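Novice: Turn this into a model:
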Amino acid sequence: MRRDQKGRVAETAVLQRLAKRDLDVFSSVFDGSSVDFISVDRVSGAVRKIQVKWLKTGRHGAKMLKLEKSAGRKKFKPYQSHEVDIFIGFDGDTGVCYVFTFDEVKHLKTAVSVSDAAQEAWHKLV
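Specialist: The predicted model follows:
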């Protein structure tokens with residue numbers, strides 16, 4: 001599967017899960033935005049900027065969520081706190097989503113390994 005196809009599959013899986021919750025969800029009409037979705041909790045009014053990523057497999061088989069965005073040809077830079085509130089990693093092998101807040105991963109440089117605590121942790125959006 002091509003990278004753009006993986007991105008669309010991951011975003012569709014996440015959108016399906018967000019739609020099942022009391023959230024209004026908005027997306028950019030353009031590719032390349034640092035925000036894939038904006039969610040608004042209908043009860044609390046909490047607004048979250050969401051970045052969705054297809055999980056990578058690390059050298060030793062661990063699933064990892066990249067915390068960087070493209071900065072040109074084969075260059076990457078980290079997301080900033082004003083760009084994203086929530087990272088969601090989609091595991092294309094298992095169909096599981098892993099949810100991390102920006103604050104949980106801000107001390108990391110390039111990636112975070114998935115954990116059981118982050119598995120389908122949708123409560124972090126409220």
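
Novice: pLDDT (mean, whole number) over the longest helix anywhere in the chain?
Specialist: In the chain, with assignment by DSSP state H, the single longest helix is helix 3-19. For helix 3-19, mean pLDDT rounds to 92.

Novice: same check, this time on stretch 106-120
Specialist: The average pLDDT for stretch 106-120 rounds to 95.

Novice: buried set for that stretch?
Specialist: For stretch 106-120, burial by neighbour count (16 or more other C-beta atoms under 10 Å) applies to 111-112, 114, 118. In this view, the C-beta of every residue, glycine as well, is placed from N, C-alpha and C.

Novice: Which of the residues you listed fall in strands?
Specialist: Among those, DSSP state E puts 111-112 in strands.

Novice: and which of the buried residues of stretch 106-120 is nearest K75?
Specialist: Taking C-beta to C-beta as the measure, K75 sits nearest to A111 out of the buried residues of stretch 106-120, at 16.2 Å.

Novice: my read: that closest one touches L65, true?
Specialist: Yes: counting by C-beta atoms under 8 Å, A111 touches L65, with 6.2 Å between them.

Novice: related to what we said a few turns ago, the buried residues of stretch 106-120: which two are farthest apart?
Specialist: Across those, the longest distance by C-beta to C-beta is 13.1 Å; it joins A111 and A118.

Novice: in its sheet, what does the longest strand seen in the chain sit against?
Specialist: Secondary structure assigned by DSSP E gives strand 47-54 as the longest strand of the chain. Partners of strand 47-54 in the sheet, by DSSP bridges, are strand 37-41 (antiparallel), strand 86-91 (parallel).
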